[in-house]
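>>> this one's sequence-less:
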């Protein structure tokens, strides 16, 4: 028996970040993209013959960090500044900008397209497993900075 997969692209997010350790490139500077990501859903078909309802992120009962999946995606990636938790400018500079309302700060372990793909996987896969009682898992995530730069994360 074969396996079923379906994909969905989520886009329209304006996200800003910097890779402070990239000392020899311009990526060390704060910069932004209109980001998107593609999710690969894998599992058995439901009674409608679907792996995943393409509108399922809006209608889900399970949550991600206490929010609907779509609200969580907006919270994390829409008009936000995402900073790595070890960025030396986090405590003073970026947190001050957040406190005074200049930015919407989000802090995660590490930034960059590859780490964003992994981060999305680690947040969305548990949601999918809960929402579908284990019928559907996330097979892969592609994070796209723009048309030329993408990164993929696929668990082993």
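That came in fine, so what should we check first? All figures in this text were calculated on a predicted structure; none of them were measured in a lab. Numbering: from 1, shown residues only.
>>> ok, residue 152 to residue 77 distance?
Using Cβ to Cβ, to the nearest Å, one gets 17 Å for the distance from residue 152 to residue 77. Using the backbone N, CA and C atoms, a C-beta is placed for each residue, glycine as well.
>>> who's more crowded, those two?
residue 77 (22 against 15; other Cβ atoms under 10 Å).
>>> for the more buried one, what are its contacts?
The contact partners of residue 77, taken as Cβ atoms under 8 Å, 6 or more residues apart in numbering, are 13, 15, 35.
>>> likewise residue 29?
The contact partners of residue 29, taken as Cβ under 8 Å, 6+ apart, are residue 18.
>>> thinking again about what came up before, which one of the contacts of residue 77 sits in the busiest neighbourhood?
Each of the contacts of residue 77 was scored by neighbours using other Cβ under 10 Å; the highest score is residue 35's, at 23 neighbours.
>>> for that one, which three-state class applies?
strand (DSSP: H, G, I helix; E, B strand; the rest coil).
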